[in-house]
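K.L.:
structure of the sequence below:
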Amino acid sequence: MREHPFQEKVALITGSSRGIGSVIARTFSALGADVVITHRKEGGSSEAKGKRLCNEIRGGGGRALLLNLDISQKKSVHKAIIDTETHFGHLDFLILNAARAPFKPFERLFERELRDLVYTNYLGHIFCIQESISLLEKTKGKIVFISSLGSRFHNPSYPLGSMKAAMESVVRDCSESLREKGISVNGVCGGIARTDSFKTLRMYWDGIDRLPEGLFVTAEEIADVVIFLCGHESRGIVGQTLVVDKGLSNGLLRHIGP
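P.N.:
Modelled structure (predicted):
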């Protein structure tokens, strides 16, 4: 296997200043790709983390571009794609990782929260796909959506799960509609990872702390499957969402202790 199989490739990872997205960006860079790192809020902690990640990658000899991107705004998405083309000249991989939602039941969501839920976690991803098609068609590129187990299992305080489920359907549909353009579309459904959002999740999921350590998935394990789906070895996989959860979802009746 080549040491840098993604040399001269460009990967744009939305929501990549922290968490799983940042690990995906580091992994792409380690394999030779130029990476576009995005953060949502100017002047916030995510921008500071994005700058540190860019400096880390550049310090290691890689190339990285940091962009402010609010995927819920189509103009922001359009600008990010233009900036990517201007800086790197092309785009090979679009990783749809950004997500944003409150932890509360649907019946308690305010109208602005509902609109933000849909605009960020559904329309935003579609904006990214629409705006990047012309670039990805030129490189026969790949799109990978990052989903979660909330797309398949009920959690009363996780409205984001319904958006993840909708996007898994979009993965299936776009894999067919973009097939003639040579663009591959797949998804990765990640299990429970100890990222920043886990600190919040544990407040709303009674018993999650009692899960055996072996059932937690790492961000690196999710990133590895994203890399696989962007590589030649996955050429036979089309329109699928692969579950990466250490088998957690196979044991619905699993005993997790007192």
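
K.L.:
for residue 87, what are its contacts?
P.N.:
36, 65 (C-beta atoms under 8 Å, 6 or more residues apart in numbering). Yep, even glycine has a C-beta here, placed from its N, CA and C like the rest.

K.L.:
in the chain, which spans are strands?
P.N.:
Shown for the chain, the strands assigned by DSSP state E span residues 10-13, 34-39, 64-68, 93-96, 142-148, 184-190, 241-244.

K.L.:
and the ones you listed as a markdown table, adding mean pLDDT?
P.N.:
Output for those, formatted as a markdown table (pLDDT from 0 to 100):
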| stretch | mean pLDDT |
| --- | --- |
| strand 10-13 | 98 |
| strand 34-39 | 98 |
| strand 64-68 | 98 |
| strand 93-96 | 98 |
| strand 142-148 | 97 |
| strand 184-190 | 98 |
| strand 241-244 | 98 |
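
K.L.:
including distance to residue 164 and mean neighbour count, could those go into TSV?
P.N.:
Output for these, formatted as TSV (distance: least, C-beta to C-beta, whole Å; neighbours: other C-beta atoms under 10 Å):
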stretch	distance to residue 164	mean neighbour count
strand 10-13	17	29
strand 34-39	19	28
strand 64-68	24	20
strand 93-96	11	28
strand 142-148	5	25
strand 184-190	8	25
strand 241-244	9	20
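
K.L.:
ok, which of those comes nearest residue 132?
P.N.:
Closest of the strands of the chain to residue 132 is strand 93-96, at 5.0 Å (criterion: C-beta to C-beta).

K.L.:
show me what that closest one is in contact with.
P.N.:
With C-beta under 8 Å, 6+ apart as the criterion, strand 93-96 contacts 9-14, 16, 21, 24, 28, 33, 125, 128-129, 132, 136, 141-146, 167, 226, 230.

K.L.:
among the strands of the chain, single out whichever gets nearest to residue 45.
P.N.:
Using C-beta to C-beta, these put strand 34-39 closest to residue 45, at 9.0 Å.

K.L.:
against which helices or strands is the closest one packed?
P.N.:
strand 10-13, helix 19-30, helix 45-59, strand 64-68, helix 74-88 (3 or more C-beta pairs under 8 Å, 6 or more residues apart in numbering; DSSP states H and E).
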